[in-house]
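>>> Okay, predicted coordinates and the sequence, questions at the end:
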Amino acid sequence: MENGEPSSSSRKNKRRLPEINSASRRIATAAAGGTLVIWWPAFTFGAYNAIFFDNVMALWAVATAVLLSGLVSDRRAAVPWSNRIALLLPTLWIVVGMVAPTGSSFHYIHYFEVVITVVSAPYLTWLLTKILLSDYDELPAVRRFEAVGITVAIGVLAFLLGKFNYLFLTCADFNESGNNTPPGCAQGPPFRLR
């Protein structure tokens, strides 16, 4: 019997997965959240040599939600000023895009959005984990940054998958998904039909 429950033969015969310790669970949760933010911008940067506006807008939405949550929450749990400034970076990109004159002399805005995305995604992973997982601070410092490291690693891998998309995707895959074909994509039927 477990916890006062009668044991059943079907329960005994089932193969059970080993219990995952709470530290690993916290790191996996943080890493999963971070990779949801970074993988698509990194892939598109590799495939198209660009980060699309919808990627930056998604990053803006998450950063702004965290910022506003900190502003409306209890003062003791509020986001510190240094974090608020970092969370305003995607908003700064939007403002700069609105006020900067159009023309070829302002191509630096593209690099600014790349930097915002590359820097903000791991930072948002760390900050969201700190806010959403109340016992995250109980982990040793090295373990806390494992999730950020995993997010960075997934970002690099997604960039490489985007760069070398022709090895496992075709132009038809991009067309069917509603995306433009990146330069150098492989010709042929969609991958699922091979």
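All right, it came through fine. Numbers count the residues shown, from 1 in each chain.

>>> Kindly list the longest helix within the chain.
Counting by DSSP state H, the longest helix found in the chain is helix 22-48.

>>> what about it, average pLDDT?
For helix 22-48, mean pLDDT is 82.

>>> Tell me the first helix or strand C-terminal of it.
Heading C-terminal from helix 22-48, the first helix or strand you meet, by DSSP states H and E, is helix 53-72.

>>> what is the mean pLDDT for that following helix?
80.

>>> Tell me where this structure has helices.
So, for the chain - with DSSP H - the helices run 9-13, 22-48, 53-72, 81-87, 89-99, 108-132, 141-144, 146-163, 171-176.

>>> Would you mind telling me which of these is nearest residue 183?
helix 22-48 (7.7 Å; C-beta to C-beta). Backbone N, C-alpha and C define where each C-beta goes, glycine included.

>>> Can you tell me which helices and strands that closest one packs against?
Judged by 3 or more C-beta pairs under 8 Å, 6 or more residues apart in numbering; DSSP states H and E, helix 22-48 is in contact with helix 53-72, helix 108-132, helix 146-163.

>>> Swap in 6 Å and give it another go.
Secondary-structure packing of helix 22-48 (3 or more C-beta pairs under 6 Å, 6 or more residues apart in numbering; DSSP states H and E): helix 108-132, helix 146-163.

>>> got the phi/psi numbers for residue 50?
phi -150, psi 150 (degrees, to the nearest 10).

>>> And it, how close does it get to residue 99?
21 Å (C-beta to C-beta, to the nearest Å).

>>> between the two, who's got more neighbours?
For residue 50 versus residue 99, the count of surrounding residues by other C-beta atoms under 10 Å is larger for residue 50: 14 against 7.

>>> Surely residue 147 touches residue 30?
Yes. Using C-beta atoms under 6 Å, residue 147 is in contact with residue 30, at 3.4 Å.

>>> what about residue 168, how many neighbours?
Count around residue 168 with other C-beta under 10 Å applied: 10.

>>> try residue 37
Applying other C-beta under 10 Å, I find that residue 37 has 24 neighbouring residues.

>>> before we move on, what about residue 135?
Residue 135: 9 neighbours (other C-beta under 10 Å).

>>> how close does it get to residue 67?
23 Å.

>>> repeat for residue 94
For residue 94, the distance to residue 67 - C-beta to C-beta - is 14 Å.

>>> So which of these two has more stuff around it?
It is residue 67, of residue 94 and residue 67, that has more neighbours when counted by other C-beta under 10 Å, with 20 against 14.

>>> my read: the more buried one touches residue 86, true?
No. Applying C-beta under 6 Å as the test, residue 67 and residue 86 come out as separate, 9.3 Å apart.

>>> Please report the distance of residue 111 from residue 49.
12 Å.

>>> More neighbours: these two, which one.
Set side by side, residue 111 and residue 49 show more neighbours around residue 49, with 13 against 9, by other C-beta under 10 Å.
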